[in-house]
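> after the sequence you'll find the predicted model.
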Amino acid sequence: MVSDYSQYAWLIPLFPLLAFLALTAMGRQLKDLGIYISILAMLLSFIVALLIFVERIGGHVEDYTWDKMNWLQVGDFTLKMGFEVTNLNSLMLVIVTLVSLLVNVYSKGYMKGDERIHVFFGYIALFSFSMLGLVISENMLELYIFWELVGVCSFLLVGFWYFKPEAKAAAKKAFIVTRIGDVGLFIAILLLYVYMPGHALDFTSIHNAFTTGKIDPTIVTWIAVLIFIGAMGKSGQFPLHTWLPDAMEGPTPISALIHAATMVAAGVYLVARTFDIFHASPDALMVVAYVGGFTAIFAATIGIAQNDIKRILAYSTVSQLGYMMMALGIGVSFTSGMFHLFTHAFFKALLFLGAGSVIHAVHTQNINEMGGLSRKMKITTWTFAIGTLALAGIFPFAGFWSKDMILTEAYEHNQLLFWVGVIAAFFTAFYMSRLFFLVFMGSPRAKAVASEDHDDHGHDHAHEPHESPASMTTPLIVLAVLAIVAGFVNTPFNEWLGHWLTGQEHEETANWTVIILSTLAGVLGIGLGYLIYLKRTIPRDIVSGKMPWLYTLLNRKYFIDEIYDVIVVKPLRGLGFILELIDIYIIDGIVRLVAFTVVSLGRLGSRLQNGQLQSYGVIMLLGMLILALAIAGRRFIHAG
């Protein structure tokens, strides 16, 4: 069946692009109207994306490709640009547009009073345009262009409050660290160009070449690993994860957008989109699986020792992205990884926006300075609880179904990764219960202090904590509903999503061993958090008191930043200092010496040619004397 709506997919990124242009050109003049332009643009994009998605799930619709624009021609090779719509990217289009729409609505209340609010909404529109363009790209080079634009937008938004040194440093860190991964992706594209038949870079040709074994296996492995390095940067996989927690210096709505639907989702989507390449290389799949599994448990252990509400959620995102990569690396298909990306987008956006609602009320990000908010912020409390249970993988919330699908595949194909996933699930449930009980339960432990952002707006913080406005709570309610129901699109009893995404039938079986163990891990984690942080039958300092070194190790994130500072940053700064000295004293020194010589000769010439006859006579006499001495010296040498 031919699609009726897919041919209009180009409109989806166009609407936010037009909003960005309008806000950039007339932002201050538009005032509040600019906010509604951004929201309307995302609403229109969501409607078109939803129409395409509904059409594709309603019947057997063929993939749609438009590639009529000749962008670059070299000899016989022509690089075309266009867009492509498949089941995979139609799902991504709905995720990105829906979360972006809700973040836009939420930001209307959260950013109220910021004098650069029109710039903020313009950046969000550009960010959404970049991610949507990446999703529907028809070939690898086009995807790479939008990939880089996504990185630029993250730099602009993380450093939005540029007057804060921490925000500037975080923006630069995000830009530089992700560039490391981007180099890997760029080299992979070059290798694809060299080894692909006809130098083709479109995804259809890539599918045909790698499923038929037309490329040397060694080259396939190199290409896949290099693509994964690009994904590691964007999706915060160890060791390129360090930028993601620091990115919390940006406004909280941006944290939600980055962590739920745009920047970090791009890396997982890239691996899924090029899964044919990975599937052709078992070695590359093993790299993806083990890096993902290590990242999942590595970040989860760090999360239990953090005190900043947004950083806890940031390390949670790193851990969940590790789950997704582990699922992709196990190699059964990309369904489980994309399913977890789908559910994670909703409950992680919910948790970040809920954290923003808390920060908006209490003006601190330190969970040890909060407490008792459930009595004053009921909507935020209940929706945050739903997000917490979904992330912890508790039945029947969305995270339960997607996480169990990953663990089931790991149980059947790699027992080591299965147990890594179970232990990471336990830590996840523990640090999320710790966060929830310290923030919402009990009694307030400290007076509110300056907020992460609204202090900079000059707001008065003397009032008591209260529920956020409707523009902020409405997105929370929508996301809470999705965090409950989204998992039912793919259960062990009805694996519709897997069949729809891949076109292959999947055996519908429930592995009760996995279900029991994963549920037990989640319940034990929440129970331990309850006993320590709410019931207080177990001392809070049971670990930090007896093993302070372990708490310090986790709290300082295994000293990864410090290690990088010693082995990378300082040597590069030293090299830069040496190169600066060479530039100043050798390169510039030679230039200055030449200039000084020419100027000096010019000044000498001007002094000699002063118009005085007696001076000319003296110079002529000296010249003749020098000439005579030279002739005499030459004769003397020859005579000798």
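Received, thanks.
> so Thr509 sits in a helix?
No: Thr509 sits outside any helix when classified using DSSP: H, G, I helix; E, B strand; the rest coil, being coil.
> who touches it in this structure?
Pro492 (CB atoms under 8 Å, 6 or more residues apart in numbering). To be clear about C-beta, it is placed using only N, CA and C from the backbone, and glycine gets the same treatment.
> contacting residues around Met42?
By CB under 8 Å, 6+ apart, the contact set of Met42 is Phe15, Pro16, Ala19, Thr97, Ser100, Leu101, Asn104, Ala125, Ser128.
> do the same with Val94
Contact analysis of Val94 by CB under 8 Å, 6+ apart lists Phe46, Ala49, Leu50, Phe53.
> just the contacts of Met42: which are in helices?
With helices taken from DSSP state H, the overlap with those comprises Phe15, Pro16, Ala19, Thr97, Ser100, Leu101, Asn104, Ala125, Ser128.
> most surrounded residue in the contacts of Val94?
Neighbours here mean other CB atoms under 10 Å. Within these, the largest count is held by Ala49, at 28 neighbours.
> ok, now how distant is that one from Leu629?
Distance of Ala49 to Leu629, given as CB to CB, to the nearest Å: 93 Å.
> still on that earlier bit, format the contacts of Val94 as a markdown table; extra columns: distance to Thr473.
Below are those laid out as a markdown table (distance: CB to CB, whole Å):
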| residue | distance to Thr473 |
| --- | --- |
| Phe46 | 20 |
| Ala49 | 25 |
| Leu50 | 23 |
| Phe53 | 27 |
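> quick revisit: out of the ones in helices among the contacts of Met42, who's nearest Met432?
Comparing these against Met432 with CB to CB places Ser100 closest, at 24.8 Å.
> mind listing what's buried in whichever helix in the chain runs longest?
When the chain is parsed with DSSP H, its longest helix is helix 165-195. Neighbour-count burial for helix 165-195, with 16 or more other CB atoms under 10 Å as criterion, is recorded at 167, 170-171, 173-175, 177-178, 181-182, 184-189, 191-192, 195.
> ok, now stretch 283-293?
Ala284, Leu285, Val287, Val288, Ala289, Tyr290, Val291, Gly292, Gly293.
> same check on stretch 9-21?
By neighbour count on 16+ other CB under 10 Å, the buried set for stretch 9-21 is Ala9, Trp10, Ile12, Pro13, Leu14, Phe15, Pro16, Leu17, Ala19, Phe20.
> the longest helix of the chain packs against which elements?
In terms of contacts (3 or more CB pairs under 8 Å, 6 or more residues apart in numbering; DSSP states H and E), helix 165-195 is packed against helix 140-158, helix 217-234, helix 243-246.
> cutoff 10 Å now
If you count contacts as 3 or more CB pairs under 10 Å, 6 or more residues apart in numbering; DSSP states H and E, helix 165-195 packs onto helix 140-158, helix 203-211, helix 217-234, helix 243-246, helix 263-273.
> can you give me the offset of it from its chain's centre?
11 Å (CA atoms, centre = their mean, to the nearest Å).
> do the same with stretch 394-407
Centroid separation for stretch 394-407 versus its chain: 24 Å, with CA atoms, centre = their mean.
> is Lys68 in a helix, a strand, or coil?
Secondary structure state of Lys68, per three-state DSSP, is strand.
> hang on, the earlier thing: can you lay out the contacts of Val94 as CSV showing secondary structure, pLDDT and distance to Ala361?
What follows is those, written out as CSV (DSSP: H, G, I helix; E, B strand; the rest coil; pLDDT from 0 to 100; distance: CB to CB, whole Å):
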residue, secondary structure, pLDDT, distance to Ala361
Phe46, helix, 96, 29
Ala49, helix, 95, 33
Leu50, helix, 94, 33
Phe53, helix, 93, 36
